[in-house]
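Colleague: give me the fold of what follows.
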Amino acid sequence: MAYRPTVRARRLARELRRLREQQGLTLQEVADRLDWSRAKMSRVETTQIRPHHGDVADLLDLYGVSSPERDALVTLAREIRRRGWWTAYLDVFTGSYVALEDEASHIRTWDPQLVHGLLQTADYARAVIRAGRMIADDSEVDRRVDARMVRQSLLSRDDAPELHMIVDEAVIRRSIGGPEVMKPQLVALADHAVRPNITIQVLPYTAGEHPGLDGCFTLMSYPDPADPDIAYIEGTMGDVYMESAEDVAAHRLRFERISAMAMSPEDSANLINKVAQE
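Modeller: As a prediction, the model looks like this:
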């Protein structure tokens, strides 16, 4: 079973690496003292494996970490071993995206092609999955649609994140699945637009060239200041996760400029309703 590291797992890995470096120890030196392989140590610090809380306790003892910091990190190790809802759909979800999305407090997304998965209707999602992934098997398509609908419960939780979605005007005018699918999708978008934690903007054709021409991306922010923002880019050749301050800042600036060029949320909602009636 592939391991999908969560935000908590990344936080734990960063702390363990920081504590090791603070002691002036190399990966090999720690591995030798704990009778581990160097490869295991490396995988723990790069979130390639889910560390057992007992292993974390051994590391903290070696690093001389005392409570309350020790207790907090051991508890964190226990928490990351809990199964998330997405583990029931490991045949559908690849990579870490849904695990990272599930813990976000603010999601900003730009897409010139499609409505974001969190706001797709089931029929729209079915048409997108069937065409985009070139899947002919109905049962596999249905399985993926079910997973996407479960994923959308994120926006209805008590601690739901803020979602700011910007789409190109082409997204609301391209008839995915035909009028019988597209109209309900646009109506649903208009309904979502009035929810307090959702902002929807449309970048009009008249904007001309803009900073989003390189393609779609998503920015995720977290409630704990210790967890850095993540910029995520999905592609047919694989997913890219960027956490460096420089990369994230560049994508944040890109998003802000696209937002400034896009229609206001009110004008965007009016356009969506207009296209739905057309």
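
Colleague: mind listing the helices for the stretch 51-200 of the chain?
Modeller: Ranges of helices in the stretch 51-200 of the chain, per DSSP state H, counting those that start in this stretch, are 53-63, 69-79, 97-102, 122-132, 138-151, 169-173, 179-192.

Colleague: I'd like to know how far the residue most central in space within the chain sits from Thr218.
Modeller: By CA atoms, centre = their mean, the mean C-alpha position of the chain lies nearest to Glu101, the distance being 3.5 Å. Between Glu101 and Thr218 the computed distance is 8 Å (CB to CB, to the nearest Å). Backbone N, C-alpha and C define where each C-beta goes, glycine included.

Colleague: then Gly235?
Modeller: Distance of Gly235 to Thr218, computed by CB to CB: 12 Å.

Colleague: so for those two, which sits in the more crowded spot?
Modeller: Neighbour totals were compared for Gly235 and Thr218, and Thr218 leads with 22 against 9 (other CB atoms under 10 Å).

Colleague: for the helices of the stretch 51-200 of the chain, which has the smallest mean pLDDT value?
Modeller: Note on the helices of the stretch 51-200 of the chain: helix 69-79 shows the lowest mean pLDDT, a mean of 86.

Colleague: residue contacts, the closest residue to Lys183 other than its chain neighbours?
Modeller: Leaving aside its sequence neighbours, Lys183 sits nearest to Ala276 (CB to CB, 6 or more residues apart in numbering; 5.4 Å). When contacts are counted by CB atoms under 8 Å, 6 or more residues apart in numbering, Ala276 is found next to Lys183, Leu186, Val187, Ala190.

Colleague: and what of Leu19?
Modeller: Residues near Leu19 by CB under 8 Å, 6+ apart: Leu59, Leu60, Tyr63, Val65.

Colleague: out of those residues, which is most surrounded?
Modeller: Highest neighbour count within the contacts of Leu19, by other CB under 10 Å: Leu59, with 24 neighbours.

Colleague: I figured that residue hits Leu16, correct?
Modeller: Yes - between Leu59 and Leu16 there is a contact at 5.9 Å, judged by CB atoms under 8 Å.
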